[in-house]
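> return a 3D structure for these sequence lines:
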Amino acid sequence: MERKNIDIAVAILDVLKDAEYHTITGTTLKVAKYFHLTKKEMNEKFDSRKDKGDSITTSKIYVQVTFIISQLRKPKYIKDFPGTKSKGVFAITDKGLKLLSLTPTEIKKQINLDLKKI
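I've put the predicted structure just below:
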């Protein structure tokens, strides 16, 4: 089942709500668990990545999570660990935590509004 990017964004923020630093791979695995993805769904790949091997980093969900994390950085919902941006270590910000006090519908609306401003 294809998941919308906005739903994955909500899942990512939920995973990060502990305010600890996370990696892209770890976050991807937790998002997969959040959505109860099957092994088959975890192994789905975009056509352009089908010949890249069987690593999680070639999976559709990994690519989606990576893209959405980059989008959540723009309105400052996520911050990178100092000096590690290229390594993908990040945490939720106070702004991101505040967003989680809203309902899922309100979170989606706010993310869409903030991304339109950028």
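
> who's in contact with residue 80?
Counting by CB atoms under 8 Å, 6 or more residues apart in numbering, residue 80 touches 73, 89, 90. No exception for glycine: its C-beta is placed from N, CA and C like everyone else's.

> could you redo the last one with a cut-off of 6 Å?
By CB atoms under 6 Å, 6 or more residues apart in numbering, the contact set of residue 80 is residue 90.

> same check on the one 10 residues further on?
Under the criterion of CB under 6 Å, 6+ apart, the contact list for residue 90 reads 78, 80.

> please repeat the previous calculation with a cut-off of 8 Å.
16, 21, 22, 69, 73, 78, 79, 80, 81.

> which of these lies closest to residue 5?
residue 69 (11.1 Å; CB to CB).

> the closest one contacts residue 27, correct?
Yes. If you go by CB atoms under 8 Å, residue 69 and residue 27 touch, sitting 7.1 Å apart.
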